[in-house]
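J.: how would this look folded up:
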Amino acid sequence: MALSVLVLNTTYHSDKIPKALKLSKENFIKTNKSVLKDIFTENDTLMSDMYDRIAKKQFEAKIE
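T.: Modelled structure (predicted):
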């Protein structure tokens, strides 16, 4: 799941990635459900909210 979150953050907020290639909310949920089928069986709310939070505000690692 951590990798898909990083991919979403990077592709969603990158101007170099064409919109057609960006990870949609539906694909984000579908991909994570297939990987985490034992954890997320029918409730998509957590992943949907996660997608929305990442889409709203990009997170960045701060290196000091």
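J.: residue ranges for the helices of this protein, please.
T.: 2-13, 25-35, 45-56 (DSSP state H).
J.: Give me the angle between the last one and helix 25-35.
T.: For the pair helix 45-56 and helix 25-35, the angle between their directions (axes from the mean of the first three to the mean of the last three CA atoms, to 10 degrees) equals 130 degrees.
J.: Can you tell me what sits against helix 45-56?
T.: 5, 8, 9, 12, 25, 28, 29, 32, 33, 40 (CB atoms under 8 Å, 6 or more residues apart in numbering). For every residue, glycine as well, the C-beta is placed using N, CA and C.
J.: Identify the residue nearest residue 29 in space, chain neighbours excluded?
T.: residue 47 (4.7 Å; CB to CB, 6 or more residues apart in numbering).
J.: got it, and residue 1?
T.: For residue 1, the spatially nearest residue (CB to CB, 6+ apart) is residue 32, at 5.8 Å.
J.: Could you do residue 59 as well?
T.: residue 9 (6.0 Å).
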